[in-house]
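>>> Compute the structure for the input listed below.
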Amino acid sequence: MVRKKVKLAFIENNTERRVSYRKRQKEFLTKARELNSTLCDVELATFINDPYHKEPEVFPNHEAAISTFTMFEDLPETDKSKNITTQEKQIMKRINKIENELEKVRKENKKMEFTNQMYGLLNGEEMPNSMHPKDLSDFSYVINKNLKQINDAIKAKTHEEGSTLNAPQTIVGSMDSGVTNSDMSWAPLLAPVDASVLFEIPLLVTFTVPSGTNIVRPRAPLNLVPVTSKFPTSF
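Residues are numbered from 1 along each chain as shown. Take a look at the predicted model:
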């Protein structure tokens, strides 16, 4: 379950303010105890003076608090102010954060405004004559950015279609059964069913005599005999 964001503002109701204080004080002291001894072994001291108690509450005890404060006072001014924050600094930090967020929203709104103007020009509307030069520059930036997106999309689409066109294509067609494989270089297994396949038989044959010398002698001429395919006509 998402925790509801707490609005940081002064609690007007006294009872609610006191209940909130006790709850947060307990959480604060728990964190201080964890930093001091349980988890991190950090030397620290806290001094809480509230309107609900006569005496201020000190953690971990008076002696340790006095020792820690004395050690802090003996530090050089540069070291003492290095990690110190004040309410004014916290407020300025929040103001800067809000201003940065506001600037982002302004830029987005300006971008949407120029985008709508661009669509208006494409639909035949006239260019406003009262635009500031800075706005014209920003307008040009928005147009160029949209053009770049269009060009990138065109390149991606062209590359995709080019890859599809370059893929191997299956060619289906009939072949003349009267053409021999000496005239065309297609494999017999790819021949049409019932086609006559002519095989070339060499007219010279090599044999080896006992002496180890290879002799090439002429062989009786043989005619090219057509062989009828034995493949079944149907599968």
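>>> you'd agree residue 21 is in a strand?
No. Secondary structure assignment (DSSP: H, G, I helix; E, B strand; the rest coil) places residue 21 in helix, not in a strand.
>>> pLDDT at it, what is it?
Per-residue pLDDT puts residue 21 at 91.
>>> Let me see the contact set for it.
Counting by C-beta atoms under 8 Å, 6 or more residues apart in numbering, residue 21 touches 50, 52. Using the backbone N, CA and C atoms, a C-beta is placed for each residue, glycine as well.
>>> what's the distance between it and residue 11?
According to C-beta to C-beta, to the nearest Å, residue 21 and residue 11 sit 9 Å apart.
>>> tell me the domain boundaries of the chain?
14-84, 88-156 (automatic domain parsing).
>>> Output these in JSON lines, with distance to residue 7 appended to each entry.
Below are the domains of the chain laid out as JSON lines (distance: least, C-beta to C-beta, whole Å):
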{"stretch": "domain 14-84", "distance to residue 7": "12"}
{"stretch": "domain 88-156", "distance to residue 7": "14"}
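>>> Any idea which of the ones you listed gets closest to residue 162?
For these, proximity to residue 162 was assessed by C-beta to C-beta; domain 88-156 is nearest, at 10.3 Å.
>>> unless I'm mixing things up, residue 146 is touching residue 114, no?
No. The criterion here is C-beta atoms under 8 Å, and residue 146 misses it with residue 114 at 9.7 Å.
>>> neighbour-wise, which of those two wins?
A direct count of neighbours by other C-beta atoms under 10 Å for residue 146 and residue 114 places residue 114 higher, at 21 against 14.
>>> now residue 141, what's its secondary structure?
The three-state label given to residue 141 by three-state DSSP is helix.
>>> Give the burial count for it, as a bare number.
Residue 141 has 12 neighbours, counted by other C-beta under 10 Å.
>>> For it, give me its contacts.
Residue 141 makes no contacts at all, as judged by C-beta under 8 Å, 6+ apart.
>>> How much space separates it from residue 134?
As judged by C-beta to C-beta, residue 141 and residue 134 stand 11 Å apart.
>>> ranges for the strands of the protein?
Remark: strands assigned in the chain by DSSP state E are 46-48, 57-59, 196-198, 204-208, 214-218, 226-228.
>>> which one of those has the lowest average pLDDT?
Among the strands of the chain, strand 196-198 has the lowest mean pLDDT, at a mean of 43.
>>> Can you list the low-confidence ranges for the chain?
For the chain, the stretches with pLDDT under 70 are 1-6, 163-235.
>>> ok, and for the longest helix along the chain, which residues are buried?
Counting residues, the longest helix found in the chain (DSSP state H) is helix 87-122. By neighbour count with 16 or more other C-beta atoms under 10 Å, helix 87-122 contains the buried residues 114, 117.
>>> nearest spatial neighbour of residue 11, skipping sequence neighbours?
Spatial nearest neighbour of residue 11, excluding adjacent residues (C-beta to C-beta, 6 or more residues apart in numbering): residue 17 at 4.0 Å.
>>> I'd like the distance between residue 33 and residue 46.
10 Å.
>>> Give the intersection of the neighbour lists for the two.
residue 59.
>>> now the helices for the protein?
14-33, 62-73, 77-80, 87-122, 133-165.
>>> Just put these in TSV and tack on distance to residue 40.
Converted to TSV, these look like this (distance: least, C-beta to C-beta, whole Å):
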stretch	distance to residue 40
helix 14-33	11
helix 62-73	15
helix 77-80	20
helix 87-122	23
helix 133-165	49
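>>> Relative to residue 51, which of those is closest?
Nearest to residue 51, of these and by C-beta to C-beta, is helix 14-33 at 9.0 Å.
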